[in-house]
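J.: one predicted model, sequence on top.
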Number of protein chains: 2
Amino acid sequence: MSNSINMKTIAEKAGVSVATVSRVINKNGRFSDETEEKVRKVIEELNYHPNTLAKSLKENHTKVIGVVVSDITNPHFARLVLELENMLFAHSYSTVICNTNENEELEKRHIDTLISQRVSGIIIISGLKVYDLNEIPVVYLDQRPKGYQMKNHCLIETDNLDGGYLATKKLIEAGCKNIAVMYSFEKDYSQKVRIKGYKKALKEAGLEEHYIAVGKISTDKAATFVKDYIDKGNKVDGLMCTNDILAVGAIKGLQEKQLSVPESVKVTGFDDSILAQLYYPSISSIQQSIDRMVKKTVELLFAVMNNDKVDSIYNLSPVKLVERDSTKTTK
Amino acid sequence: MSNSINMKTIAEKAGVSVATVSRVINKNGRFSDETEEKVRKVIEELNYHPNTLAKSLKENHTKVIGVVVSDITNPHFARLVLELENMLFAHSYSTVICNTNENEELEKRHIDTLISQRVSGIIIISGLKVYDLNEIPVVYLDQRPKGYQMKNHCLIETDNLDGGYLATKKLIEAGCKNIAVMYSFEKDYSQKVRIKGYKKALKEAGLEEHYIAVGKISTDKAATFVKDYIDKGNKVDGLMCTNDILAVGAIKGLQEKQLSVPESVKVTGFDDSILAQLYYPSISSIQQSIDRMVKKTVELLFAVMNNDKVDSIYNLSPVKLVERDSTKTTK
DNA sequence: TTGAAAGCGCTAACAG
DNA sequence: CTGTTAGCGCTTTCAA
């Protein structure tokens, strides 16, 4: 083991009992300044680190939260996880991050491991499915899981409807007439709602709907499918993509078809990730309130953990459109 | 606590002793098929998850590895962490990921927490400094820490010298005569060595060295500093950047100065991250052997954990140049 | 093949 | 203010 010195060692060296050592470590009062000093000195000298395992076993709760995420290399998820980890750490909680690769079997194993570790709570950013861990609090973040029920499950999500609507409206305002939506046909809930927003905006403008379905989300697929679409003789001058990765691929594809962005076709992304900021042309994208969502998530999780009363176990965070070059009008 | 049913519950329900339950769970033999079936059935029924805390406390070791990383949103680090997590999980280890924001105080707190959790080992990707955790094995990955000593510390790193050399050589071969290196002046060890490679290549070609130092790594800073450099009347037709983020910023800056890439200036990045692949123009970049490094790291860590003999506690992983548009010759 | 029981390091009730 | 001690859930030795 990493360390065989324990409270008993400290107690003996300091000439006190283990109870006293425990008290000073946990600042539980009931000891004199003099005693405290003695104990602290020994702890320092021996570079003692209390065993969290034993503490948790005894206290019947751990200060660790499990975070289950489908793909940490997706910049949007990475941001979410980073902020979660920071905020949790500030509350003296550790974070165990689990990557599922969108694999159900793997996700199950990860969750079992988390349960065995007796984590205090779990945050799930994968949208795969709903879990009934009765004893252990779960908050779903950003991705609405299959089987979700408003009354039973905690969910913090983004206003995808408004996002889809705002993005599409921007294209309409920029003068686009043939506006298609590009999405992955492995449609998760977020995408569905974003598409709803798209429809709503088109309807208001009296325009027709057009769809470009892509396989698994990747820039290559997006480029291929948009080229196909063009080859089939379809007209597009506006393209609402359900995320930034698709938008990047779409622009690549359009350019290969000699359609310049934004001159010939205007494009919007979703997530306002680093891709949208850095790509050339830079991509107008829907920005989510990451900080707000993370804050809400942690608050809700802690509330459930403490059995506090909560106003609502659901929260919808607002979005805004960040305008960049991909939707510039060139008058 | 998440679960108050324990081995005793299972034992009673199954009409056996806790020792037997433990044996079947851990497949330790010494029980009949009949007994096993009984026990497994009860476990299933009660949806029992053994308490890892108690197990670890008793066994005096945990199956968890701590990973300390300076910035998970850096795509290069995200890749590393993802692969580590996958590989560790395949070995039945959990991963606790800690983000330090390059903050020494925070890193210290994180490491203390990991020690208290009695993690079996720690992988550090931050380059901040060397830690002496005597009892607990540490492997430094990708970033050589300050105070590193070949004899005492485990390190898996990339051949930064060759990387810097290859990138610069590419620029030379592409006909560049005024080749500058752009780096962050918060120079970490990797950057220093990449710059060494740059010098080596220039020397071979009999060219002069030029430096553009940027503050904290960011695209904005990179753009600003490169514009400054041009404004001061300096000539550049080749730019070796010590990472992809700087390269992206540099290209932005050059373009704003009406210097097109690669026509007027050729640029190389480092890390071959998604930025290099997606940016327009796409950026030639040095690719590291992520999979190999991760594999070596885990192997080394486990070897140290098991007190196995190891050939070497150091490993240098090869790099290669991935050529893209930013260094294309336009003859 | 099985069970009883000690003990991992810690906290907290209880006694002083 | 301080110490003694039971017990958290598990593994493992020892005995049967």
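T.: Okay, I see it.
J.: now the helices for the stretch 201-331 of chain A?
T.: With DSSP state H, counting those that start in this stretch, the ranges of helices along the stretch 201-331 of chain A come out as A:219-231, A:244-256, A:274-278, A:290-305.
J.: check the stretch 51-200 of chain A too.
T.: Secondary structure of the stretch 51-200 of chain A (DSSP H, counting those that start in this stretch): helices at A:52-59, A:75-90, A:104-116, A:160-173, A:189-205.
J.: what does the shortest one contact?
T.: Contact with helix A:52-59 is made by A:62-63, A:118, B:51, B:53-54, B:56-57, B:62, B:113, B:116-118, as judged by CB atoms under 8 Å, 6 or more residues apart in numbering or on different chains. Glycine gets a C-beta too; all of them are placed from N, C-alpha and C.
J.: with those residues in mind, which one is nearest to A:Leu133?
T.: A:Arg118 (11.4 Å; CB to CB).
J.: give me phi/psi at the closest one?
T.: A:Arg118 adopts backbone torsions of phi 60, psi 50, taken as degrees, to the nearest 10.
J.: correct me, but A:Thr242 touches A:Tyr183?
T.: Yes - using CB atoms under 8 Å, A:Thr242 is in contact with A:Tyr183, at 4.4 Å.
J.: can you tell me which residues in the stretch 51-200 of chain A are near DNA strand C?
T.: Contact residues (CB under 7 Å from any atom of the strand) of the stretch 51-200 of chain A with DNA strand C: A:51, A:54-55, A:57-59.
J.: PyMOL command for the buried members of the residues you listed?
T.: Here is the PyMOL command that selects the buried residues among these (16 or more other CB atoms under 10 Å in any protein chain shown):
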select buried, chain A and resi 51+54+55+57
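J.: look up phi and psi at A:His61.
T.: phi -160, psi 150.
J.: can you get me a residue count around A:Ser190?
T.: Around A:Ser190 there are 21 other residues, counting by other CB atoms under 10 Å in any protein chain shown.
J.: which among the helices of the stretch 51-200 of chain A is found nearest to B:Lys232?
T.: Across the helices of the stretch 51-200 of chain A, B:Lys232 has its closest neighbour in helix A:75-90 (34.6 Å, CB to CB).
J.: tell me the buried residues in the closest one?
T.: Going by neighbour count (16+ other CB under 10 Å), the buried part of helix A:75-90 is A:75-85, A:87-89.
J.: same for that helix, what does it pack against?
T.: On a contact count with 3 or more CB pairs under 8 Å, 6 or more residues apart in numbering or on different chains; DSSP states H and E, helix A:75-90 meets strand A:64-69, strand A:94-99, strand A:121-125, helix A:290-305, strand B:94-99, helix B:104-116.
J.: which one of those lies nearest to A:Lys170?
T.: A:Lys170 lies closest, by CB to CB, to one member of the helices and strands packed on helix A:75-90: helix A:290-305, at 20.9 Å.
J.: and the contacts of that closest one?
T.: Here helix A:290-305 makes contact (CB under 8 Å, 6+ apart) with A:65, A:79-80, A:83-84, A:87-88, A:91, A:120-121, A:123, A:137, A:139, A:141-142, A:154, A:156-158, A:308-310, A:313, A:315, A:317-318.
J.: out of those, which are buried?
T.: Among the contacts of helix A:290-305, those classed as buried by 16+ other CB under 10 Å are A:65, A:79-80, A:83-84, A:87-88, A:120-121, A:123, A:137, A:139, A:141-142, A:154, A:156-158, A:313, A:315, A:317.
J.: which residue packs closest to A:Tyr148, ignoring adjacent ones?
T.: The spatial neighbour of A:Tyr148 that comes closest, neighbours along the chain excluded (CB to CB, 6 or more residues apart in numbering or on different chains), is A:Val130 at 5.8 Å.
J.: okay, buried residues for stretch A:152-167 please.
T.: A:153-167.
J.: that one - what's its average pLDDT?
T.: Across stretch A:152-167, pLDDT averages out at 98.
J.: and stretch A:207-227, by the same measure?
T.: The predicted model assigns stretch A:207-227 a mean pLDDT of 94.
J.: please apply the same query to stretch A:91-99.
T.: Averaged across stretch A:91-99, the pLDDT comes to 92.
J.: could you do stretch A:248-262 as well?
T.: 95.
J.: ok, and what's touching it?
T.: A:174, A:182, A:214, A:218-227, A:230, A:236, A:239, A:241, A:264-265, A:267, A:269, A:275, A:279, A:281, A:283, A:325-330, B:278.
J.: ditto for stretch A:163-176
T.: Contacts of stretch A:163-176 (CB under 8 Å, 6+ apart): A:179, A:181, A:193-198, A:200-202, A:204-205, A:207, A:237-240, A:242, A:262, A:266, A:268, A:270, A:284-286, A:288, A:319-321, A:323, A:327-329.
J.: B:Ala213 versus A:Ser184, what's the distance?
T.: 43 Å (CB to CB, to the nearest Å).
J.: oh sorry, the question was meant for A:Tyr165
T.: Distance from A:Tyr165 to B:Ala213, by CB to CB: 46 Å.
J.: tabulate the helices of the stretch 201-331 of chain A (JSON lines), appending mean neighbour count.
T.: Output for those, formatted as JSON lines (neighbours: other CB atoms under 10 Å in any protein chain shown):
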{"stretch": "helix A:219-231", "mean neighbour count": "19"}
{"stretch": "helix A:244-256", "mean neighbour count": "25"}
{"stretch": "helix A:274-278", "mean neighbour count": "22"}
{"stretch": "helix A:290-305", "mean neighbour count": "20"}
